[in-house]
Each structure stands twice: as structure tokens, then as C-alpha cells.
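# My questions are about this predicted structure, shown below with the sequence.
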Amino acid sequence: MNINTTPVPNVVFDTYLKELKLAELKVLLIIIRQTLGWEDKRNKSTRKEMDWISNSQLVVKTGNSARAINDAISILTYKNLIEVFSQSGEFLDTPEKRRGQQKLYFRQQATVGYPEYIFAVDARRYTS
């Protein structure tokens, strides 16, 4: 399957576009882009379900400051739109738990997407 587009769930436009601040929306869209915008290397007929996204990648791709990114991640986590995990698979639901982590893995909640497109970032599947 050759993927040249990223399917963005309708609820992002219908609900969250008017509710989220710009930095929050940008972070959410980057998570969608980094997952559904790519083929799953293990199964070429599906979209990528998970990804590790560094803070510096989010800064570059959104044009926002690291502080704005961290605030957006906190708000998106609080609103249950995303989940964040450590490399070992620990759920990092607060800024204190995320602080000092080498890698952050993101999962978009099913409430944002389609049930078949849960953006699952299970760090255990990405560690060597």
C-alpha cells in the first residue's frame, strides 16, 4: 500500500478544532501524522499504530517552544486525547513522571479516532 495522505479522524475537525488551543491541535496532528500517515512496517496493509516522537521533533514540526509542547502534552493527556508512555511501558500521565525520560511514546485515545485506528504506543514493542 502506498500511503500519500494521512487520514485525520472527523472528530478532530468536528469537535476538537474549536476546543483545542493551537499548540494542542498541532501536537495532536503531529501524533496522527506520525502514526496513521505511515505504513506499518510489520504489516504493509495497515497504517502505523505507534511511534516514538521526541520533544525536539515536536518543536521543529509544530514551530512551538518546548514549553508550549510540554503544556500541550499535559493538556491532551488530561483531556484523555493521548496517552504517554516511557520506553519501559510505564504510563506517564503527569509532567513529573515525564520529566527526565529519554524517550516518550504516544498513544492517541480511541475517543479521537476510529476504533480500528487506536494510536497505541506500547513501548515494549519498540524496545530492543
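Noted; the coordinates are in hand. Note that the structure is predicted; figures quoted are calculated from it, not measured.

# Only C-alpha atoms from now on, for both contacts and neighbour counts.
Noted.

# hmm, who's touching the host helix or strand of Lys97?
Assigned by DSSP states H and E, Lys97 belongs to helix 95-98. With Cα atoms under 8 Å, 6 or more residues apart in numbering as the test, helix 95-98 has contacts from 70, 74, 86, 92, 104.

# That one - what's its average pLDDT?
The pLDDT scores in helix 95-98 average 93.

# and if you look at stretch 46-66?
89.

# where exactly do the helices run in the chain?
Ranges of helices in the chain, per DSSP state H, are 10-11, 17-19, 22-36, 55-62, 66-78, 95-98.

# Output the ones you listed in JSON lines; the columns should cover mean neighbour count and distance to Glu49.
Shown next, in JSON lines, are the helices of the chain (neighbours: other Cα atoms under 10 Å; distance: least, Cα to Cα, whole Å):
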{"stretch": "helix 10-11", "mean neighbour count": "12", "distance to Glu49": "18"}
{"stretch": "helix 17-19", "mean neighbour count": "12", "distance to Glu49": "22"}
{"stretch": "helix 22-36", "mean neighbour count": "21", "distance to Glu49": "5"}
{"stretch": "helix 55-62", "mean neighbour count": "15", "distance to Glu49": "18"}
{"stretch": "helix 66-78", "mean neighbour count": "18", "distance to Glu49": "18"}
{"stretch": "helix 95-98", "mean neighbour count": "14", "distance to Glu49": "21"}
